[in-house]
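Chemist: coords below, sequence missing:
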DNA sequence: CAAAACTGCCTTTTT
DNA sequence: GGCAGTTTTG
């Protein structure tokens, strides 16, 4: 634990003020790289030095990555005491509350978590039941509308009231049915975490009081990304003691699509009259060249606080832009560059980050990095949970944990194939809807009544035996890993993987996902000393596992959204093409300014070297398509496109 | 009636 | 390029 003066030394006047203003509401407007995380962590340590117990401090971030980073820094600053500070994402904070108070909001003790892919399946099922063709309502569009409704605290009945046309009404009906489905299936989706928590605090003054008493000091990181339910939750906790410190930057608001409301940070002083305000404008992260590039881009946004970052570091290398043929060349050039620099002992692998707009871009890089033998880690993205094998096994576990989870049951009922085909499933589903029962229950009834075809009947017996055996082991609190192993072998999953992927190398890669689940289970069991399946599933869905080795010497590969709040010596900002950044979709939705902020976030991650790349062609939907350099590159260079890197025809 | 072969559709970002 | 949904085959 550091002493008071050690803690505060090296802070500039504004940072110092942000740290020592501990009482009452405080707004910290912190530009990129101005020591925001440092201020939050030092402020936390300072509070503890002032005699505030760590368990009275709540620190909220938006991504797991940021939460881990924060915890780590806090540990370095004040050692083991850091563990007692509550530090996590809104979602992890909320799910803990919901678990603890499940009966107050009418949820079963163990409930499942419906991720966005389950959500999509569920929505498709509701559309089918409503006889709405997928051609008239795109399920994905419905999904994002519903999610946006929930994140704006618009209930189904409000959605009906707000509806302006038939399409809106269809969405509202789907929303209503979807919510019924969630209740019936005893699952909650990510958006529900916030809504249930909000309802819990609104309707149970005792719970609210308890939280208010516990969390006497609250800090919110990335406040510009707060949406309405998040705001309401925090407000409920701090409204009386008003010890809330929010930190954010309107130029880095990149979650508008998730209901984040930039007005929350702009209106903070109105919400908390008399709030203190600190502006941090000195950038300690990057060279002046990098800051200049960032400023050149962001000043094109109209709705923002007028401000300009200054680099404390001073001049460095100039930022560079590279044109490459396609995404394969892009990846191989960058890998070559990394190898070269590491080979010359100029840098470590961990000094490098590759940042991209979409979650599928990393694929090309993964291939290249692997073949170049460069160690790397892929952060976020859909890597793990969207792998078929992972979803399959997790679905089994979810059905064992919660037989009412229809989506998961339907996924596994004939995976691996066991003679239960579409005909049988349709019949069961029709009966289930008619009788208002769960599919699994109806299946069992039909089976017992000998109504199933021979093949289907046999298959169901085997499935149900395997599930029951696993269920009994789980109930008896037997070793979780052993239970999983037994289940996987009961359903012949290894054979299934081998059958689906005849190439042994591919099969092995696929199987690794299954192994990873077993690893998770083992870690969970060791950490918690219990074989609680529901807890394991929930923790896994939230990616709360501490098993990432943060100081390993590897290259980081991630999306721009995942990169916010992080910094790297050398940054590659890749795929800077029209249609990708800014993304084509955002041009339609009129969110170009948010795309520009994404670009700004990317540029300001770099400390010393920034290389931006764009391709002249890129494979889209498996077909090569010509690309044009991003408008943001032109903005950065001061509108005139230099003809040395852009063919005149593309300007 | 289930499994294999085939077709047409996408894909923004996260918890 | 990959996958869900559809058609053809066994």
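Modeler: On my side now, so go ahead. Nothing here was measured: the structure is a model prediction, and the numbers come from that model. Residues are numbered from 1 along each chain as shown, chains lettered A, B, ... in the order given.
Chemist: Neighbours of residue A:206, how many?
Modeler: Close neighbours of residue A:206, defined as other CB atoms under 10 Å, add up to 9. C-betas here are computed from N, CA, C, even on glycine.
Chemist: what comes up buried for the one helix or strand it maps to?
Modeler: Assigned by DSSP states H and E, residue A:206 belongs to helix A:205-214. By neighbour count on 16 or more other CB atoms under 10 Å, the buried set for helix A:205-214 is A:207, A:208, A:211, A:212.
Chemist: where are the low-confidence patches of chain A?
Modeler: Residue ranges of chain A with pLDDT under 70: A:1-2, A:381-383, A:544-550, A:639-651.
Chemist: Touching the helix holding residue A:206 from outside, list them.
Modeler: A:55-56, A:97, A:101, A:104, A:200-202, A:236-238, A:240-241 (CB atoms under 8 Å, 6 or more residues apart in numbering).
Chemist: Would you confirm that residue A:74 contacts residue A:46?
Modeler: No: the pair residue A:74 / residue A:46 is not scored as a contact, 11.7 Å apart, by CB atoms under 8 Å.
Chemist: In terms of neighbours, single out the busier of those two.
Modeler: In this view residue A:74 and residue A:46 are compared by other CB under 10 Å, and residue A:74 has more residues nearby, 25 against 20.
Chemist: show me what contacts that one?
Modeler: Listed by CB under 8 Å, 6+ apart, the contact partners of residue A:74 are A:41, A:44, A:45, A:82, A:85, A:87.
Chemist: same thing with residue A:510?
Modeler: A:387, A:388, A:389, A:497, A:500, A:501.
Chemist: Swap in 7 Å and give it another go.
Modeler: A:389, A:497, A:501 (CB atoms under 7 Å, 6 or more residues apart in numbering).
Chemist: so which strand or helix has residue A:200?
Modeler: Going by DSSP H and E, residue A:200 is part of helix A:190-203.
Chemist: Which other helices and strands does the helix or strand where residue A:426 lies contact?
Modeler: Secondary structure from DSSP H and E places residue A:426 in helix A:422-435. The contact analysis (3 or more CB pairs under 7 Å, 6 or more residues apart in numbering; DSSP states H and E) places helix A:422-435 against helix A:439-448.
Chemist: Could you list the buried residues of the helix it packs on?
Modeler: Buried, per 16+ other CB under 10 Å, within helix A:439-448: A:439, A:440, A:442, A:443, A:446, A:447.
Chemist: Reformat those residues into a markdown table and put distance to DNA strand B next to each item.
Modeler: Below are the buried residues of helix A:439-448 laid out as a markdown table (distance: CB to the nearest atom of the strand, whole Å):
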| residue | distance to DNA strand B |
| --- | --- |
| A:439 | 14 |
| A:440 | 16 |
| A:442 | 15 |
| A:443 | 12 |
| A:446 | 12 |
| A:447 | 12 |
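Chemist: mind checking how far residue A:149 is from DNA strand C?
Modeler: Distance of residue A:149 to DNA strand C, given as CB to the nearest atom of the strand, to the nearest Å: 23 Å.
Chemist: and the nearest residue to that residue once chain neighbours are set aside, what element?
Modeler: Nearest-residue entry for residue A:149: residue A:159, 5.6 Å, with adjacent residues in sequence omitted and distances by CB to CB, 6 or more residues apart in numbering. Per DSSP H and E, residue A:159 falls inside helix A:156-162.
Chemist: that older thread, what's the most distant pair in the contacts of helix A:205-214?
Modeler: The most widely separated members of the contacts of helix A:205-214, counting by CB to CB, are A:55 and A:202 (24.3 Å).
Chemist: what's the neighbour count on residue A:430?
Modeler: Residue A:430, neighbours per other CB under 10 Å, totals 11.
Chemist: Let me fix that, I meant to ask about residue A:400.
Modeler: Counted with other CB under 10 Å, residue A:400 comes out at 25.
Chemist: Mind checking what secondary structure it has?
Modeler: helix (DSSP: H, G, I helix; E, B strand; the rest coil).
Chemist: wait, it sits on residue A:471?
Modeler: Yes: using CB atoms under 7 Å, residue A:400 is in contact with residue A:471, at 5.2 Å.
Chemist: Narrow the contacts of helix A:205-214 to those in helices?
Modeler: Members of those lying in helices (criterion: DSSP state H): A:97, A:200, A:201, A:202, A:236, A:237, A:238.
Chemist: are any of those residues buried, and which?
Modeler: Using 16+ other CB under 10 Å as the burial test, these include A:97, A:200, A:201, A:236, A:237, A:238 as buried.
Chemist: Let me know whether the second one touches residue A:105 as I believe.
Modeler: Yes: in this structure, residue A:200 sits in contact with residue A:105. The criterion is CB under 7 Å, and the distance is 5.5 Å.
Chemist: Run through who's touching the helix or strand where residue A:618 lies.
Modeler: Here residue A:618 sits within strand A:617-620, counting by DSSP H and E. For strand A:617-620, the surrounding residues in contact (CB under 7 Å, 6+ apart) are A:325, A:326, A:327, A:577, A:624, A:625, A:626, A:627.
Chemist: Can you point out the buried residues in the lengthiest helix in chain A?
Modeler: Looking across chain A with DSSP H, the single longest helix is helix A:504-528. With burial defined by 16+ other CB under 10 Å, the residues of helix A:504-528 counted as buried are A:507, A:510, A:511, A:513, A:514, A:517, A:520, A:521, A:523, A:524, A:525.
Chemist: what separates the fourth one from residue A:501, distance-wise?
Modeler: Remark: distance between residue A:513 and residue A:501 (CB to CB, to the nearest Å) = 12 Å.
Chemist: With the first one instead?
Modeler: The spacing between residue A:507 and residue A:501, counted by CB to CB, is 4 Å.
Chemist: cool, the second one as well?
Modeler: As for residue A:510, its distance to residue A:501 is 6 Å (criterion: CB to CB).
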